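Sequence below, structure please.
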Amino acid sequence: MKSLLAFAAGIDRFNEIIGKAVSWLILIAVIVSATNAVVRKVFSVSSNSWLELQWYLFGAAFLLAAAYTLKQNEHIRIDIVYGMFSRRVQHWIDLFGHLVFLMPFVLLMLYYLVPYVARSYVSGEVSTNSGGLTIWPAKALLLIGFFLLAMQGISEIIKKIAVMRGLMDDSTPFISAHEAAELEGKALVEEIAK
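Model (predicted):
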């Protein structure tokens, strides 16, 4: 199990680096969007490639950060129901969800995305919009994003089993939205009191 945990830790580190790095794509997309708007309004000049670049940047940020979001345990769940159970049952719910829902979906997406991206790359697919960008890089981002998510899914399964067997501490304990708000409020009050 030690080698599996080391493998999971490597996946975690890699996805954390990627997740933090792609956050800058949001800033770049905002700059591209603002520049495009100013140029369009001031000089009456516009280009579909600038609009598509915005979409690529937002898509890249979303797709490449999905694995990091899973690592941080920030994906959406129904906290009202989830929070009613003991932590042990929550671990079983998480493991079941990863094995039965996440991994089959991600693996199916990878199965279909590989030929989809390959066909687009080989054909040199270009946007149908006048002045648009090449499409295969955006499709490749789909493939990369789902690959990273699959790897993080494997990491989460390994870690969840280790936590349930008592081999490691729970790195992402469940905190309800109410508890999180209370903790944030207390921290804010303490900060103001200093």
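
Just the endpoints, please. Distance across stretch 86-104?
The first and last residues of stretch 86-104 sit 26 Å apart, counting by C-alpha to C-alpha, to the nearest Å.

List the buried residues of the helix-or-strand element of the chain with minimal mean pLDDT.
Using mean pLDDT, DSSP states H and E, helix 79-82 stands out as the lowest-scoring helix or strand of the chain, at a mean of 73. For helix 79-82, a neighbour-count test (16 or more other C-beta atoms under 10 Å) marks nothing as buried. C-betas here are computed from N, CA, C, even on glycine.

which is the next helix or strand following that helix?
helix 87-96 (DSSP states H and E).

Show me the contact partners of that next one.
Applying C-beta atoms under 8 Å, 6 or more residues apart in numbering, the contact partners of helix 87-96 are 82, 85, 156-157, 160-161, 163-164, 170, 173-174.

From one end of stretch 128-135 to the other, what's the distance?
Taking C-alpha to C-alpha, stretch 128-135 runs 9 Å from one end to the other.

same check, this time on stretch 115-135
14 Å.

Could you tell me how far that stretch lies from the centre of the chain?
24 Å (C-alpha atoms, centre = their mean, to the nearest Å).

for stretch 50-63, same thing?
Centroid displacement of stretch 50-63 relative to its chain, using C-alpha atoms, centre = their mean, is 14 Å.

surely Leu51 meets Thr35?
No: Leu51 lies out of contact with Thr35 (C-beta atoms under 8 Å); the separation is 11.8 Å.

out of these two, which sits in the more crowded spot?
Leu51 (19 against 11; other C-beta atoms under 10 Å).

Spit out the contact partners of the more buried one.
Asn36.

can you give me the helices in this structure?
2-43, 48-71, 79-82, 87-96, 103-123, 136-164, 177-193 (DSSP state H).
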